[in-house]
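> sequence? don't have it. structure:
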């Protein structure tokens, strides 16, 4: 079986690859992409794979944008930590979704379902995708608009639009807001990535998720990296790796 994987988190890809090879030792992973742009480019110029594993939120947007830019004649199994509405949508279709972290028995069942329902001819885009794409065109997916945080004995509700960045430090995630205020978060950066609007927030590196509204300056750094300065969060330079630099520039230029 020849498969294409769309995933922007290296640990998630490594786990998926390991499980796939355990279940189907002869499987051939054609390519692994982490952006809509690269995925569209590949599908436009190569023969269709037999199956696509696709995360929903990737480096430069939401993967449903792929289907709006190129005809996809391949069944898709989504690997996601997305909201419950999406998960319910996929359950009406023969192609499955897998909730991260992926479990071997669930992956095996999804592959078996694909094999059982596979036709001799190329599959067509699952009908559920049309429903999901339509829902996205009608309105944005539900992203968090507020975070409830503790301040001493009190609880505060912080608007997402007032958050400058999220920072992971020594195993603890901080929410930094306007006015250089900081609060503890109960979420990991991985969890936050799936609940924040990717048009507004960008995972710069292992430590930071940035709000586009507070990016003050972008400086060239050595070896193709970028150095970011944020307003309302002074004294800290945030480095974007050369691998993520292109995605960051597209995010800033949307």
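Sure thing, it's come through. Everything numeric in this text was worked out from a predicted model, so none of it was measured.
> now do the helices in this protein.
Using DSSP state H, the helices assigned to the chain run over residues 10-23, 36-45, 65-69, 84-90, 104-117, 127-138, 189-195, 242-252.
> avg pLDDT for the fourth one?
So the one you mean is helix 84-90. Here helix 84-90 scores 50 as its mean pLDDT.
> excluding chain neighbours, give the residue nearest to residue 248 in space.
residue 240 (5.0 Å; Cβ to Cβ, 6 or more residues apart in numbering). Using the backbone N, CA and C atoms, a C-beta is placed for each residue, glycine as well.
> what is the burial count for the one you found?
24 (other Cβ atoms under 10 Å).
> distance check, it against residue 7.
Residue 240 sits 19 Å away from residue 7, going by Cβ to Cβ, to the nearest Å.
> mind checking how far the residue nearest to residue 248 is from residue 227?
Distance from residue 240 to residue 227, by Cβ to Cβ: 8 Å.
> go on, residue 17?
For residue 17, the distance to residue 227 - Cβ to Cβ - is 32 Å.
> between these two, tell me which one has more neighbours.
residue 17 (17 against 14).
> check what pLDDT that one gets.
For residue 17, the predicted pLDDT is 95.
> which non-adjacent residue is nearest it?
Counting by Cβ to Cβ, 6+ apart, residue 17 lies nearest to residue 29, which is 6.5 Å off, once chain neighbours are set aside.
> please apply the same query to residue 207.
Nearest to residue 207 is residue 168, by Cβ to Cβ, 6+ apart, at 5.1 Å.
> surely the one you found and residue 206 touch.
Yes. Residue 168 lies in contact with residue 206 (Cβ atoms under 8 Å); the separation is 6.9 Å.
> what's the overlap in contacts for these two?
Contact with both residue 168 and residue 206 is made by residues residue 189, according to Cβ atoms under 8 Å, 6 or more residues apart in numbering.
> so between those two, which is more surrounded?
Taking neighbours as other Cβ under 10 Å, residue 168 and residue 206 compare with residue 168 leading, 18 against 8.
> hey, what's the more buried one bridged with?
residue 173 (DSSP bridges).
> and it, what does it touch?
Per Cβ under 8 Å, 6+ apart, neighbours of residue 168: 174, 188, 189, 206, 207, 208.
> with residue 221 instead?
Residue 221 touches 227, 239, counting by Cβ under 8 Å, 6+ apart.
> give me the phi and psi angles of it.
phi -120, psi 180 (degrees, to the nearest 10).
> any idea how far residue 164 is from it?
Separation of residue 221 from residue 164 (Cβ to Cβ): 21 Å.
> same check on residue 171?
Counting by Cβ to Cβ, the gap from residue 171 to residue 164 is 21 Å.
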